[in-house]
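[1] sequence isn't available, so here's the structure alone:
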């Protein structure tokens, strides 16, 4: 497996489906690493059930070195499953999306996983759905 990217942003949003009204996220987690840092900054926002909006952000950090294997596995998964773009159709069926940006991905366009606008987009395979769920589980472990 390759090394951990020197710079990346991963955003996981739970609550991506809407309808006439835009989706109301129940959770938003952003993990960011910049080239000059040996840490990943995690910003978490949760919307408790029955409340109208996300709570104020809570920021924590963790060392890249202590989580390198996990971060490499996450990079591998997010780089191998097909990107799905945000919109009305939740292709993975988990009401969750993952936005993954690295220096490489930005050059090629942002990889966004979990939902797709419109029809005609090839649905993910069961294997890809499993990999997507594994990526969600990894991220939730990192932000815990």
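    Structure's in. What do you need? Being a predicted model, the structure only gives us computed values, none of them experimental.

[2] helix/strand/coil for residue 12?
    strand (DSSP: H, G, I helix; E, B strand; the rest coil).

[3] which residues in the chain form helices?
    Here the chain has its helices, by DSSP state H, at 68-80, 103-108, 126-143.

[4] possible to save these as JSON lines with distance to residue 53 and mean pLDDT?
    All C-beta atoms are positioned from the backbone trio N, CA, C, and that covers glycine. Listed next are the helices of the chain as JSON lines, based on distance: least, C-beta to C-beta, whole Å; pLDDT from 0 to 100:
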{"stretch": "helix 68-80", "distance to residue 53": "28", "mean pLDDT": "93"}
{"stretch": "helix 103-108", "distance to residue 53": "29", "mean pLDDT": "52"}
{"stretch": "helix 126-143", "distance to residue 53": "19", "mean pLDDT": "96"}
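
[5] can I get these in a markdown table including distance to residue 32?
    Compiled in a markdown table, the helices of the chain are given as follows (distance: least, C-beta to C-beta, whole Å):
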| stretch | distance to residue 32 |
| --- | --- |
| helix 68-80 | 12 |
| helix 103-108 | 13 |
| helix 126-143 | 12 |
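
[6] go through stretch 25-38 and flag the buried ones.
    25, 26, 27, 28, 29, 30, 31, 32, 33 (16 or more other C-beta atoms under 10 Å).

[7] my bad, should have said stretch 131-144
    131, 132, 135, 136, 138, 139, 142, 143.

[8] among the residues you listed, which two are most distant?
    131 and 143 (18.9 Å; C-beta to C-beta).
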